[in-house]
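Asker: Quick check, what structure comes out for this input:
(2 chains)
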Amino acid sequence: MHHTRRSVLRGVWAVGALATAVAAGLLSPGRAFAAWNKGAFEAKNTADAMKALGVSNAQDSRDIQILAPDIAENSAVVLIEITSNIPGTTAISVFIEKNPFPYTGTFDVSQGAVPYVQLRVKMGESSPVRVVVAAGGKYYTTAKEVKVTIGGCGG
Amino acid sequence: MAEPMKIRATLQGDVADVRVLMAHPMETGQRKDAAGKLVPLHFIQTITAQLNGKTVFAADVSQAVSRNPVFAFKVKGAKAGDKLSVTWQDNTGDKRTDEVVIRAGS
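Answerer: Alright, predicted model coming up:
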């Protein structure tokens, strides 16, 4: 019980500290990606992680493609390929909603890269893989369910 | 010291198709070793790629990235012979930079 309370408090503190930093102008929302965002990476659910990243009002979009297996045979190496067809895409963020720490990373493509990335991730259990794309100061999102067959042979 | 990365950068038109393999354990801090002790967090946090010295791609990642991470991305405005370098830094402050020359595609 103590343990739960402590971790809740710590979470609140981390989010609070980040909010203070934003308020102080140290991290403007657009620049939040520039420093490794501890608050977001340590958030235990997707909503808190997005809040720490300053993502709000993400609209569902069909212009984001997620290529990932329907069933992952090896949960330690799940290949995810993301392409954004939204004009002006600046960054691509990935959340594995049921991992202990859902926020998996942000890829900044605003400085001369195509809005595309391929990565390999670990998944604790079957989960939606949610992608958030930042474009023109707005956020767009889509998700794909990936099933993990724990201990199975992937059949 | 960390092992060198394997980087492949191939041109397709004026876009360089980049593929990087990094040697890193990417420990999640949740795994136990043979003696039952938790293996501490040890993972790559930031990755940047530079084309002829100018940053073109940057990423912040978590411990959820697989062991010996492989990333692929595409860099615009590249030419054969351009230099592409990739740098990573982990949570212990260890870092590594490797550079390749972009090759013309087939």
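
Asker: interface residues of chain A facing chain B?
Answerer: A:33, A:36-37, A:41, A:76-78, A:81, A:96, A:99-101, A:103-109, A:111-114, A:116-123 (CB under 8 Å from any CB of the partner chain). All C-beta spots, glycine's among them, are computed from the backbone N, C-alpha and C.

Asker: Looks like residue A:60 contacts residue A:132 (just checking).
Answerer: No: counting by CB atoms under 8 Å, residue A:60 does not reach residue A:132; the two are 10.9 Å apart.

Asker: Can you give me every residue that contacts residue B:70?
Answerer: Neighbouring residues of residue B:70 by CB atoms under 8 Å, 6 or more residues apart in numbering or on different chains: A:118, A:119, A:120, B:19, B:20, B:21, B:22.

Asker: Now those residues in TSV, please, with extra columns for neighbour count.
Answerer: Listed next are the contacts of residue B:70 as TSV, based on neighbours: other CB atoms under 10 Å in any protein chain shown:
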residue	neighbour count
A:118	17
A:119	24
A:120	19
B:19	14
B:20	21
B:21	15
B:22	24
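
Asker: Which ones among those residues map onto strands?
Answerer: A:118, A:119, A:120, B:19, B:20, B:21 (DSSP state E).

Asker: which residues does the second one bridge with?
Answerer: Listed beta-bridge partners, residue A:119: residue A:80 (assigned using DSSP bridges).

Asker: Can you give me the pLDDT of it?
Answerer: If you check residue A:119, the pLDDT there is 97.

Asker: the strands in chain A, which residues?
Answerer: Using DSSP E, strands in chain A cover A:59-60, A:64-67, A:71-72, A:78-84, A:89-96, A:103-108, A:113-121, A:127-135, A:138-148.
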